[in-house]
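*Asks:* this one's structure only:
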């Protein structure tokens with residue numbers, strides 16, 4: 001798990017470009033020198049070691065020791081005179097919050113006094129466990145020392161491709177690109193647009209680390225397109241956690257994915273646990289789904305054109321209510337040894353342990369099934385419950401839960417969503433299925449809806465498809481893709 005959060009300074013925690021310009025102008029004035037660099041050129045030196053910076057800006061001065069100290073003093077003089085707005089928003093609150101659970105370090109190519117000035121004006125010295133500056137080595141050396149001295153993983157936040165390159169040889173370090181900084185970077189594990197987003201990134205990593213604790217995985221990215229490769233045993237790799245913003249970048253990522261999985265079968269997209277989030281839609285819906293499916297035909301087609309084959313197809317279908325099916329389903333009843341229970345909203349919390357047992361049994365032979373811990377299962381369902389205030393239909397055989405149906409209203413109140421049906425294998429017969437679906441249809445009518453969204457159904461499940469056959473309004477396909485990369 002992540003234990004250390006390491007920050008670059010310039011362009012990551014504060015913005016001091018005006019102090020660089022001020023110091024350059026002051027030095028030019030003192031040494032009676034006509035400026036040879038424009039402001040933008042000076043700013044581009046941010047993050048560069050101070051001796052290199054001054055050697056380039058003042059090549060005629062042989063003894064650089066004095067001018068280094070003078071440049072530092074002028075820069076600090078400006079920062080102390082105009083501290084407002086120097087630190088990025090949320091610096092104090094972010095470092096304070098992180099310090100409660102993580103060791104915070106700063107690594108910079110600047111001088112010691114520069115970091116001390118930052119801690120002074122931001123009032124964050126008590127949150128920072130240590131800092132490493134150019135007097136004792138370069139960034140890469142400091143990062144190597146930190147990662148070698150601690151067994152826990154680290155998170156490095158920076159704004160430059162050079163920051164990313166510093167960690168390329170350290171597998172226990174994630175790189176977060178601070179896109180609000182000074183430099184461009186198209187290689188990273190995660191990207192933040194402001195410091196406040198860092199806590200969300202950490203939560204994503206914590207969950208991913210927990211779910212994939214037994215496997216090695218890495219983020220493959222190109223600009224804003226990210227994909228996770230999960231290395232499995234037995235000649236198999238998974239890919240998932242997809243965020244796509246550019247088709248051109250997606251092709252680059254797919255190429256990297258294929259190269260990195262050489263010698264193994266590649267399957268995806270999956271989300272790393274028992275359940276798959278099928279993110280490739282052949283045609284787009286114009287409504288918000290949960291989980292949302294962001295990708296379009298172009299993304300799906302990029303994989304097909306790159307040699308991927310369809311392993312399995314799923315679909316979400318919006319349909320008018322099939323009243324004939326509803327009438328027929330009422331003919332099917334369960335014997336007295338079964339009982340039906342309905343709960344909604346926060347009341348569902350009480351049944352998550354039992355839902356877990358049913359789910360593990362019901363889906364254990366699904367394609368590329370992966371077990372999920374009860375902790376992660378419950379966390380995922382808690383998120384669902386908080387978001388959509390669901391309805392939960394439960395069928396018990398004597399005192400043992402054997403089936404459930406998880407449903408909810410569309411967040412914009414346009415239709416009812418039939419999300420998950422789980423039935424233990426020993427009880428997967430027609431009366432159970434039709435009884436539990438009949439109950440959800442009754443709920444649809446009670447709430448006044450005339451449309452139902454049947455969400456993420458396996459296209460091989462003919463019984464479920466019969467519910468909406470002939471009543472379809474729109475359909476969205478999803479696929480599980482496979483690439484044979486073993487040759």
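*Replies:* Now that the structure is in, tell me what you want to look at. Fair warning: this is a prediction, and the values are worked out from it, not measured in the lab. Numbers count the residues shown, from 1 in each chain.

*Asks:* what residue lies at the spatial centre of this structure?
*Replies:* The residue lying closest to the centre of the chain (Cα atoms, centre = their mean) is residue 204, at 5.3 Å.

*Asks:* which one is it nearest to, not counting chain neighbours?
*Replies:* Nearest residue to residue 204, sequence neighbours excluded (Cβ to Cβ, 6 or more residues apart in numbering): residue 190, at 7.3 Å. From N, CA and C alone the C-beta is placed, and that goes for glycine too.

*Asks:* distance of that neighbour from residue 90?
*Replies:* Per Cβ to Cβ, to the nearest Å, residue 190 is found 17 Å from residue 90.

*Asks:* and these two? Which one has more around it.
*Replies:* Using other Cβ atoms under 10 Å, the more surrounded residue of residue 190 and residue 90 is residue 190, with 21 against 16.

*Asks:* and the more buried one, bridged to which residues?
*Replies:* Note on residue 190: beta-bridge partners by DSSP bridges are residue 176.

*Asks:* name the helix or strand of this structure that has the lowest mean pLDDT.
*Replies:* helix 39-43 (a mean of 66; mean pLDDT, DSSP states H and E).

*Asks:* look at stretch 56-67 and report the distance between its end residues.
*Replies:* In stretch 56-67, first residue to last residue: 12 Å (Cα to Cα, to the nearest Å).

*Asks:* what about it, average pLDDT?
*Replies:* For stretch 56-67, mean pLDDT is 69.

*Asks:* please apply the same query to stretch 350-357.
*Replies:* pLDDT averaged over stretch 350-357 gives 94.

*Asks:* contacts for that stretch?
*Replies:* 343, 374, 377, 378, 381, 382, 392, 394, 401, 404, 422 (Cβ atoms under 8 Å, 6 or more residues apart in numbering).

*Asks:* do the same with stretch 187-196
*Replies:* Residues from elsewhere that reach stretch 187-196 (Cβ under 8 Å, 6+ apart): 13, 88-91, 93-94, 157, 161, 164, 174-180, 198, 201, 204-205, 218-219, 221-222, 224, 226.

*Asks:* sitting in strands, which of those residues do you find?
*Replies:* Counting by DSSP state E, the part of the contacts of stretch 187-196 found in strands is 157, 174, 175, 176, 177, 178, 218, 219, 221, 222, 226.

*Asks:* sec struct for residue 184, please.
*Replies:* coil (DSSP: H, G, I helix; E, B strand; the rest coil).

*Asks:* where exactly do the helices run in the stretch 251-400 of the chain?
*Replies:* Using DSSP state H, counting those that start in this stretch, the helices of the stretch 251-400 of the chain run over 297-305, 323-329, 352-362, 374-388.

*Asks:* let's have these in CSV, adding mean neighbour count and distance to residue 266.
*Replies:* Formatted as CSV, those follow (neighbours: other Cβ atoms under 10 Å; distance: least, Cβ to Cβ, whole Å):
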stretch, mean neighbour count, distance to residue 266
helix 297-305, 16, 10
helix 323-329, 15, 39
helix 352-362, 18, 26
helix 374-388, 16, 24
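
*Asks:* relative to residue 136, which of these is closest?
*Replies:* Residue 136 sits nearest to helix 374-388 of all those, at 41.6 Å, using Cβ to Cβ.

*Asks:* the closest one to helix 352-362, inter-axis angle?
*Replies:* Here helix 374-388 runs at an angle of 110 degrees relative to helix 352-362 (axes from the mean of the first three to the mean of the last three Cα atoms, to 10 degrees).

*Asks:* tell me the helices and strands packed up against helix 374-388.
*Replies:* helix 198-211, helix 352-362, strand 400-409 (3 or more Cβ pairs under 8 Å, 6 or more residues apart in numbering; DSSP states H and E).

*Asks:* could you rerun that using 6 Å?
*Replies:* Contact analysis of helix 374-388 by 3 or more Cβ pairs under 6 Å, 6 or more residues apart in numbering; DSSP states H and E lists helix 352-362 as its packing neighbours.

*Asks:* what angle do the helix it packs on and strand 400-409 make?
*Replies:* Computed by the same axes, to 10 degrees, the angle separating helix 352-362 from strand 400-409 equals 100 degrees.

*Asks:* can you give the domain ranges for this structure?
*Replies:* Residue ranges for the domains of the chain, per automatic domain parsing: 17-81, 322-449.

*Asks:* any chance of the ones you listed in a markdown table, plus distance to residue 263?
*Replies:* Formatted as a markdown table, these follow (distance: least, Cβ to Cβ, whole Å):
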| stretch | distance to residue 263 |
| --- | --- |
| domain 17-81 | 39 |
| domain 322-449 | 18 |
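
*Asks:* how far away from the center of its chain is stretch 184-191?
*Replies:* For stretch 184-191, the separation from the chain centroid amounts to 13 Å (computed by Cα atoms, centre = their mean, to the nearest Å).

*Asks:* so which bits of it are buried?
*Replies:* Across stretch 184-191, burial judged by 16 or more other Cβ atoms under 10 Å covers 185, 187, 188, 189, 190, 191.

*Asks:* go on, stretch 110-125?
*Replies:* Across stretch 110-125, burial judged by 16+ other Cβ under 10 Å covers 110, 111, 113, 114, 115, 117, 118, 119, 121, 122, 124.

*Asks:* selection in PyMOL covering whichever of the contacts of stretch 187-196 are buried, please.
*Replies:* Remark: buried members of the contacts of stretch 187-196, expressed as a PyMOL selection using 16+ other Cβ under 10 Å:
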select buried, resi 13+88+90+91+94+157+161+164+174+175+176+177+178+179+180+198+201+205+219+221+222+226
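
*Asks:* one step back: distance to residue 103 for the helices of the stretch 251-400 of the chain - can I get that in CSV?
*Replies:* Below are these laid out as CSV (distance: least, Cβ to Cβ, whole Å):
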stretch, distance to residue 103
helix 297-305, 39
helix 323-329, 59
helix 352-362, 34
helix 374-388, 25
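
*Asks:* do you know which of the ones you listed lies nearest residue 54?
*Replies:* Comparing those by Cβ to Cβ, helix 297-305 comes nearest, at 47.9 Å.

*Asks:* quick one: mean pLDDT for that closest one?
*Replies:* For helix 297-305, mean pLDDT rounds to 84.

*Asks:* residue 5 in helix, strand or coil?
*Replies:* Three-state assignment for residue 5 (three-state DSSP): strand.

*Asks:* surely it meets residue 155?
*Replies:* Yes - counting by Cβ atoms under 6 Å, residue 5 touches residue 155, with 4.9 Å between them.

*Asks:* among the buried residues of stretch 110-125, which are in helices?
*Replies:* Judged by DSSP state H, helices contain the following of the buried residues of stretch 110-125: 113, 114, 115, 117, 118, 119, 121, 122.

*Asks:* so which of those residues sits lowest on pLDDT?
*Replies:* Scanning these for pLDDT, the smallest score is found at residue 114, 89.

*Asks:* give me the distance between it and residue 72.
*Replies:* Here residue 114 is placed at a distance of 7 Å from residue 72 (Cβ to Cβ).

*Asks:* what does residue 127 give?
*Replies:* 24 Å.

*Asks:* nearest residue to residue 444 in space, please, no chain neighbours.
*Replies:* Distances taken as Cβ to Cβ, 6+ apart put residue 416 closest to residue 444, at 4.5 Å, once the chain neighbours are dropped.
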